[in-house]
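structure for this input, please:
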Amino acid sequence: MRGTKLSLYEGGVRMPFIISWPGHIPPGTVDSSSAMSAVDLIPSLASLSNISLPGDYRSDGIDRSAVLLGKPATRNKEMFWEYGRNDIAFRYPPPRDKSPNLAIRSEDWKLLMNSDSTDIQLYNIKEDKYETNNIQESEPAIVEKLKDKLLRWWDSLPKLTQPGS
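As a prediction, this is how the structure comes out:
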C-alpha cells in the first residue's frame, strides 16, 4: 500500500488487529472488511466488560464490540487523522509517501488535505485501496462535504504552541 507509518496514506494508517479470546471468538476468524480505530477500543472494551463509561466521557470512538466478537460490521462514523504538527518528524517520509497532514475516512471515501486546504486528494478506498487514482476533480460534492467535516474536526483540536509564545 502507498505510504509508510509516518503518513496518512493506507500504508501508514491501515494495520492488522489480532485478538484471541477463547470461547468468544472462533479460532481462525478473519475480518478484512470492518474498519476500526484505536479510539474505538475504550467504548468497545467497556461494553464487553459491562462497564459504564462516565457521563462526561467524550471521544470520537464508538462501540465496535460486535466486530471484536467476530461479527463484521460497517463503521457508521467518520474516522479522522492528523499528522505533521512539527517540521522535525514531518520531514520524513520521502516525497512520494509524504501525505497531506489531515485525513477523513467516511464509508468508502477517504479525503486527505493539508490544514490550509491545499493538496486535496480523494480516494474510494473500497475500489482503490492503494490510493493510485485521485478522483477529487470528478467528485466535487463529496470533496466539499468531507472537507467541511475535516476542517471542523481539525479546528476543534487543541493547537500546539512554541515554547515562550
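
every contact and neighbour count from this point should use C-alpha atoms.
OK.

tell me the pLDDT at the residue positioned nearest the centre of the chain?
Ranked by distance to the mean C-alpha position of the chain (C-alpha atoms, centre = their mean), the top residue is Met79 at 4.2 Å. pLDDT recorded at Met79 is 94.

what do you get for Met15?
So Met15 comes in at 83 (pLDDT).

so it belongs to a helix, correct?
No - the assignment for Met15, made by DSSP: H, G, I helix; E, B strand; the rest coil, is coil rather than a helix.

tell me how many other residues crowd the closest residue to His24 other than its chain neighbours.
Excluding the flanking residues, the one nearest His24 by C-alpha to C-alpha, 6 or more residues apart in numbering is Leu69, at 6.4 Å. Leu69 has 16 neighbours, counted by other C-alpha atoms under 10 Å.

any idea how far Leu69 is from Ile19?
9 Å (C-alpha to C-alpha, to the nearest Å).

same check on Trp81?
In terms of C-alpha to C-alpha, Trp81 sits 24 Å off from Ile19.

what strand or helix carries Ser59?
Assigned by DSSP states H and E, Ser59 belongs to no helix or strand.
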